[in-house]
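In: Model the structure of this input:
(chains A and B)
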Amino acid sequence: MDEPTIALTINIVSVLLALAGIFFYIAGTVGILRLPDIFTRLHALTKADNLGLGLILLALLPHAPDAFYAVKLFLLWVLVLIGGATGAHLIAKRALRGDGEDIH
Amino acid sequence: MIARPPIRNEQGARKGANSPALSARLLRFLPRLILFTALWLVIAGSDPSSWIIGLPTVLFATLSSLRLASAQPTQSALRLGGLLRFLPFFVVESIRGGIDVASRVLRPRVRINPGFQSYRPRLDHPGARVLFLDSISLLPGTLSADMRDGVIEVHALDIGSDLVPELQRLERLVGRVFGQTLEEDGA
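Out: Numbering: from 1, shown residues only, chains lettered A, B, ... in the order given. The predicted structure follows:
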């Protein structure tokens, strides 16, 4: 394959990955709107965001100017994963024990 | 927030032996400092002016990490072999988890049967427990909702299927990352 073809292939793969990522973000949002309670909504948030962000970062990866930037993208995913999963656990814990604020 | 009592009393007891305590503290301090410095470098880049924010942030991160970890002094040795087995599993399960939740909420009628199930993990290392708790929430259909007295309350989108085999599989993989081997069947 010559160089323009390779660039075109990379761009097509990137666009497909980004579209897939957007799909899971939308699915996560639909989940928050349609699911009935705090626990099931947390499911939608943690899983759909994990996969959505992963796919979008994967789409950006071939366009990273250097390896440093690629590491940064990967690191962003790991940090959001840790933050999201830990946050979901803490929200669920407070809701379950009923000792948080603003509980219905 | 409740004020927490100081948890570093084991160091106060060793005030007499100054130099070994100091070197032990340095040994606990330095790896964290290096880790957070590297993290900041990756996030903010090499621009020197970023250290105006970066230096205090790195120091605060190091100190709070030390303070939170000092309750249980443990040998944290991540096993590369265990990590290499865990990562592909984690990626595959993340994809399954995302597809699972998307397919449940995008139907004309949301297909869920939510409920709780208790699970008692056999992991010893505190870091392994944190990884286990966080991984449960990223696995298809499960969310770690609470952990009390060594028992995890797992919330499931579909309580109809038995969660225990999946949880045990995840627990074994997490155990291997921290060098703990768990038997095939829950004893």
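In: helix or strand for residue 92, which one?
Out: Picked chain A for this. Secondary structure from DSSP states H and E places A:A92 in helix A:67-97.
In: think we crossed wires, I meant chain B
Out: Per DSSP H and E: helix B:80-105 holds B:V92.
In: Could I get the buried residue list for that helix?
Out: B:82, B:86, B:90, B:93-95, B:97-102, B:104-105 (16 or more other Cβ atoms under 10 Å in any protein chain shown). For glycine as for every other residue, the C-beta is placed from the backbone atoms N, C-alpha and C.
In: Is there proximity between it and chain A?
Out: Yes: Helix B:80-105 lies within reach of chain A by Cβ under 8 Å from any Cβ of the partner chain, at B:V91, B:S94, B:I95, B:G97, B:G98, B:I99, B:D100, B:V101, B:A102, B:R104, B:V105.
In: Next up, the contacts around the third one.
Out: It refers to B:I95. A:L51 (Cβ atoms under 8 Å, 6 or more residues apart in numbering or on different chains).
In: separation between the residue lying closest to A:A70 once chain neighbours are set aside and A:L73?
Out: Leaving aside its sequence neighbours, A:A70 sits nearest to A:A64 (Cβ to Cβ, 6 or more residues apart in numbering or on different chains; 4.3 Å). With the distance defined as Cβ to Cβ, to the nearest Å, A:A64 ends up 6 Å from A:L73.
In: Next up, the contacts around whichever residue of chain B sits closest to chain A.
Out: Per Cβ to the nearest Cβ, B:G98 is where chain B lies closest to chain A, at 3.0 Å. B:G98 sits next to A:F24, A:A27, A:K47, A:A48, A:N50, A:L51, A:G52 when contact means Cβ under 8 Å, 6+ apart.
In: In the residues you listed, which residue is surrounded by the most others?
Out: Neighbour tally across the contacts of B:G98 (other Cβ atoms under 10 Å in any protein chain shown): the maximum, 35 neighbours, falls on A:K47.
In: so what's that residue up against?
Out: A:K47 touches A:G28, B:S94, B:G97, B:G98, B:D100, B:V101, B:L138, B:P140, counting by Cβ under 8 Å, 6+ apart.
In: What of A:V80?
Out: Applying Cβ under 8 Å, 6+ apart to A:V80 gives the contacts A:D49, A:N50, A:L53.
In: Kindly report the same for A:T46.
Out: A:T46 sits next to A:G84, A:A85, A:A88, B:S137, B:L138, B:L143 when contact means Cβ under 8 Å, 6+ apart.
In: Name the SS class of B:S118, please.
Out: Counting by DSSP: H, G, I helix; E, B strand; the rest coil, the backbone at B:S118 sits in strand.
In: distance of it from A:W77?
Out: Distance of B:S118 to A:W77, computed by Cβ to Cβ: 31 Å.
In: Mind checking which of these two has more residues around it?
Out: Set B:S118 next to A:W77 and count neighbours by other Cβ under 10 Å: A:W77 wins out with 16 against 10.
In: care to break chain B down by domain?
Out: B:16-69, B:80-177 (automatic domain parsing).
In: does the most far-flung residue of chain B relative to its centre sit in a helix, a strand or a coil?
Out: No residue in chain B sits farther from the centre than B:P108, which is 36.4 Å out by Cα atoms, centre = their mean. Using three-state DSSP, the structure places B:P108 in coil.
In: could you turn the helix or strand where B:T57 lies into PDB, dropping everything but the C-alphas?
Out: Using DSSP H and E, B:T57 falls within helix B:51-69. Taking C-alpha atoms only, helix B:51-69 is exported to PDB below (Å, rounded to 0.1, in the frame of the first residue of the first chain):
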ATOM      1  CA  TRP B  51       5.400  23.100  38.100                       C
ATOM      2  CA  ILE B  52       3.900  26.200  39.800                       C
ATOM      3  CA  ILE B  53       0.800  24.000  40.100                       C
ATOM      4  CA  GLY B  54       2.600  20.700  39.700                       C
ATOM      5  CA  LEU B  55       5.000  20.900  42.700                       C
ATOM      6  CA  PRO B  56       2.400  21.500  45.400                       C
ATOM      7  CA  THR B  57       0.100  18.900  43.700                       C
ATOM      8  CA  VAL B  58       2.800  16.200  43.600                       C
ATOM      9  CA  LEU B  59       3.700  16.900  47.300                       C
ATOM     10  CA  PHE B  60       0.100  16.900  48.400                       C
ATOM     11  CA  ALA B  61      -0.500  13.600  46.500                       C
ATOM     12  CA  THR B  62       2.500  12.000  48.000                       C
ATOM     13  CA  LEU B  63       1.700  13.000  51.600                       C
ATOM     14  CA  SER B  64      -2.000  12.000  51.300                       C
ATOM     15  CA  SER B  65      -1.000   8.700  49.700                       C
ATOM     16  CA  LEU B  66       1.400   8.100  52.600                       C
ATOM     17  CA  ARG B  67      -1.200   9.000  55.200                       C
ATOM     18  CA  LEU B  68      -3.900   6.800  53.700                       C
ATOM     19  CA  ALA B  69      -1.600   3.800  53.200                       C
END
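In: Kind regards, and thank you for your time.
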